[in-house]
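**Q** Test case, fold it:
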Amino acid sequence: MTSTPTPASKDTLSELLISAASNGDLDEMQSCVSAGADVNCSDTMWTPLQRATWHEHLNAVKWLVEHKANLDQTTATYHCPLAFACSNGGNIDIMSFLLLSKADPNTTHPDYRSTPLMCAALTACRYRKPALVQLLLEHKADRTCKDNKGQTALDIAFETQKGRETSETDLIVGMLATAEPPVAPPAPMPFASIG
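**A** Take a look at the predicted model:
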């Protein structure tokens, strides 16, 4: 007879799954989910997808997405997985995978109101990686969003590049300054009857 896990054991499974995602341990992740762990669990700070993204385990990210992990989930403490892929040096492979899997490039942190583009602007200027910003703009990231301090991604890039001006940082600032905000498609025209 199989017993239903108690809440404490579900908490333990969640902790084990988050830890396995941090380590990119696909076998342990599978064991946890098979035992009843939810791929969208949270320990109030992290979800498994956030941890796998932060620790740059692309295979774990793919596995979690295949198992229906919420691409845009935030916690009270941390941002969405895409923002993590844009941070910590920037991981273009994980960013690309999440965006192709339909992660929302305009997800905002519930408290700070920051977006993945803001994280990418900071990281791109620090590490001279304009491709981070370019990829998000290609996926319709809104450059006009403002965080809780009233700053846009352009403001963050401009501030971050001070004293580090290079052709790469100039390119990043230029992309953010000239990119057009996403435009909604035009409404369909009503069908006019002939006659």
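**Q** The protein: helices as residue ranges?
**A** Ranges of helices in the chain, per DSSP state H, are 7-23, 26-34, 48-54, 58-66, 81-86, 92-100, 116-127, 130-138, 153-161, 167-178.
**Q** Please identify the deepest-packed of those helices.
**A** helix 81-86 (a mean of 30; mean count of other CB atoms under 10 Å). Yep, even glycine has a C-beta here, placed from its N, CA and C like the rest.
**Q** what's next to it, contact-wise?
**A** 47, 49-50, 52-54, 61, 71-73, 78, 91, 94-95, 98-99, 103-105, 107, 109, 114-117, 119-120, 123, 132, 136 (CB atoms under 8 Å, 6 or more residues apart in numbering).
**Q** repeat that with 7 Å
**A** 49-50, 53-54, 71, 91, 94-95, 98, 103, 105, 107, 116, 119-120, 123, 132 (CB atoms under 7 Å, 6 or more residues apart in numbering).
**Q** can you check stretch 159-171 too?
**A** 122, 125, 126, 128, 130, 173.
**Q** just to revisit the earlier point, let's have the helices of the chain in CSV, adding mean pLDDT and distance to residue 40.
**A** Formatted as CSV, these follow (pLDDT from 0 to 100; distance: least, CB to CB, whole Å):
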stretch, mean pLDDT, distance to residue 40
helix 7-23, 86, 10
helix 26-34, 96, 11
helix 48-54, 96, 8
helix 58-66, 98, 9
helix 81-86, 95, 11
helix 92-100, 97, 15
helix 116-127, 94, 19
helix 130-138, 95, 24
helix 153-161, 92, 28
helix 167-178, 90, 32
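**Q** Now render those as CSV, adding distance to residue 147.
**A** What follows is these, written out as CSV (distance: least, CB to CB, whole Å):
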stretch, distance to residue 147
helix 7-23, 27
helix 26-34, 33
helix 48-54, 19
helix 58-66, 25
helix 81-86, 12
helix 92-100, 20
helix 116-127, 6
helix 130-138, 15
helix 153-161, 8
helix 167-178, 14
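**Q** Out of those, which gets nearest to residue 42?
**A** helix 7-23 (7.5 Å; CB to CB).
**Q** and the closest one with helix 58-66, angle?
**A** Here helix 7-23 runs at an angle of 140 degrees relative to helix 58-66 (axes from the mean of the first three to the mean of the last three CA atoms, to 10 degrees).
**Q** If anything else comes up later, I'll come back, but that's it for now.
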